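# need a structure here:
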Amino acid sequence: MSLLLKQPNFNIAVTESTDSVCFLSSFEVYLTKLLSLFDVQTKDLASHVLLGGGKRIRPFLVHACAVDKLKASKEDLLKAASVLEIVHVATLVHDDILDNAEMRRDKSTLHSVFGRQTSILLGDALFSFALELATEFSTTKVCNIVSRATRRTCTGEINQNFNKGNYDLSAEQYFSIIQDKTGELFNASCSVGAYLAGADDELITLVGNFGTSLGLNYQIYDDLIDTFGSESSFGKTLGTDFESGKLTLPIIRLLESLSPEKKNSLKSDLSKNVNTAQFHRYLADLFIEYNIHHVCFSELETRLLNSKSIALSIPDSNVSSKLVAFLSSFDSKLTKLSLNLVPNFLAIP
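Residues are numbered from 1 along each chain as shown. So this is what the prediction gives:
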């Protein structure tokens with residue numbers, strides 16, 4: 001994993017900069033205060049998901065891409081960061097229901113504690129609250145960016161849901177889905193930060209492109225965790241994509257590698273939801289035989305290089321250096337994940 005700068009953890013990008021540390025510290029306080037605006041019936045539920053940890057990537061991007069902090073008030077940046085983080089958390093609440101996930105960030109998921117109906121409604125309430133906050137800016141631009149990103153995120157989820165069990169899904173279709181599902185909110189976070197700081201349209205587009213690229217990388221990384229990760233290491237339910245019929249990069253690249261005969265046979269077994277130990281061992285052997293682990297990791301590294309190239313092209317050196325440093329935090333994560341060569345979710349002895 002030679003691509004990235006050497007940093008010890010995923011949050012290192014924010015620990016190297018005092019202003020980023022202060023901003024994220026202020027963000028936690030600000031987000032906590034926002035909970036007082038929730039109705040009594042939803043406050044505890046919202047606290048469960050909003051204050052349950054997380055990397056706060058979107059708030060970091062809002063702040064990092066605010067090119068000239070003097071032109072953006074801290075209050076506006078905190079509010080924008082909160083809007084985007086609340087939308088993100090709302091999508092996670094709904095994702096966990098769709099995936100039937102029991103754990104998220106080492107905690108029980110909302111639906112596993114309070115039920116599906118309550119969780120669906122809480123997710124809806126979070127979306128509504130975020131957009132309500134977005135209308136408080138003196139311009140409609142922030143609300144426009146966030147609303148569009150939210151719509152595209154939901155579109156990505158819908159397309160992914162429609163394509164469950166579609167083992168003819170191409171890599172290009174997969175990338176299009178995850179660009180909507182994850183890339184749009186990353187794009188919006190970067191774009192809003194730059195916009196609030198008074199950046200011109202060209203720079204707003206450039207940092208937005210970085211956000212889209214980063215979002216794609218992050219979703220690929222998350223999909224690799226689902227296939228090759230360890231629940232004890234990553235603190236969430238894994239293997240849910242495979243079990244629900246969602247196609248991710250490892251399965252797509254495996255199917256592309258097989259002969260027509262083997263491909264058709266595997267597609268048939270996958271479509272039938274074969275869930276025997278024998279089939280699990282066969283599938284794991286195929287992953288190893290066709291070196292899918294290496295194929296996917298190499299592809300992610302190549303895409304990270306593209307993200308780094310975009311970050312380096314940003315004319316503001318302060319923004320550029322922060323985003324490059326943030327990318328470096330993938331290094332230790334990839335190294336850790338690279339040790340699991342057999343799909344963990346198959347639980348093969």
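
# Can you say which helix or strand has the residue located most distally from the centre of the chain in it?
Most distant residue from the mean C-alpha position of the chain: Glu261, 35.1 Å away (C-alpha atoms, centre = their mean). Assigned by DSSP states H and E, Glu261 belongs to helix 260-271.

# Quick check: mean pLDDT of that helix?
Averaging pLDDT along helix 260-271 yields 94.

# try stretch 122-129
In the prediction, stretch 122-129 has an average pLDDT of 94.

# For it, buried residues please.
Within stretch 122-129, the residues that count as buried by 16 or more other C-beta atoms under 10 Å are 122-123, 125-127, 129. All C-beta atoms are positioned from the backbone trio N, CA, C, and that covers glycine.

# For this structure, just list every one of the strands.
Applying DSSP state E to the chain gives strands spanning 103-104, 107-108.

# and those, which one's lowest on average pLDDT?
Taking the mean pLDDT of the strands of the chain, strand 103-104 comes last: a mean of 68.

# The stretch 201-349 of the chain: helices as residue ranges?
Remark: helices assigned in the stretch 201-349 of the chain by DSSP state H, counting those that start in this stretch are 201-228, 231-234, 240-244, 249-257, 260-271, 277-289, 292-312, 317-328, 330-338.

# With distance to Val89 as added columns, please give those in JSON lines.
Formatted as JSON lines, the helices of the stretch 201-349 of the chain follow (distance: least, C-beta to C-beta, whole Å):
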{"stretch": "helix 201-228", "distance to Val89": "15"}
{"stretch": "helix 231-234", "distance to Val89": "18"}
{"stretch": "helix 240-244", "distance to Val89": "18"}
{"stretch": "helix 249-257", "distance to Val89": "25"}
{"stretch": "helix 260-271", "distance to Val89": "32"}
{"stretch": "helix 277-289", "distance to Val89": "32"}
{"stretch": "helix 292-312", "distance to Val89": "24"}
{"stretch": "helix 317-328", "distance to Val89": "20"}
{"stretch": "helix 330-338", "distance to Val89": "21"}
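
# what about stretch 151-170, how long is it end to end?
Its start and end residues considered, stretch 151-170 measures 23 Å (C-alpha to C-alpha, to the nearest Å).

# mind listing what's buried in that stretch?
152-154, 156-157, 159-160, 163, 167, 169.

# Also stretch 60-79?
Neighbour-count burial for stretch 60-79 [16+ other C-beta under 10 Å]: 60-67, 69, 72, 76-79.

# Which of these sits closest to Leu304?
Leu61 (16.0 Å; C-beta to C-beta).

# Thought Cys190 was touching that closest one, still the case?
Yes - counting by C-beta atoms under 8 Å, Leu61 touches Cys190, with 5.1 Å between them.

# now, which of the buried residues of stretch 151-170 lie within helices?
152-154, 156-157, 159-160 (DSSP state H).

# shaky segments in the protein?
Scanning the chain for pLDDT under 70 picks out the ranges 1-17, 69-70, 103-106, 230-240, 336-349.

# Run the chain-centre distance for stretch 122-133.
How far stretch 122-133 lies from its chain's middle: 19 Å, per C-alpha atoms, centre = their mean, to the nearest Å.
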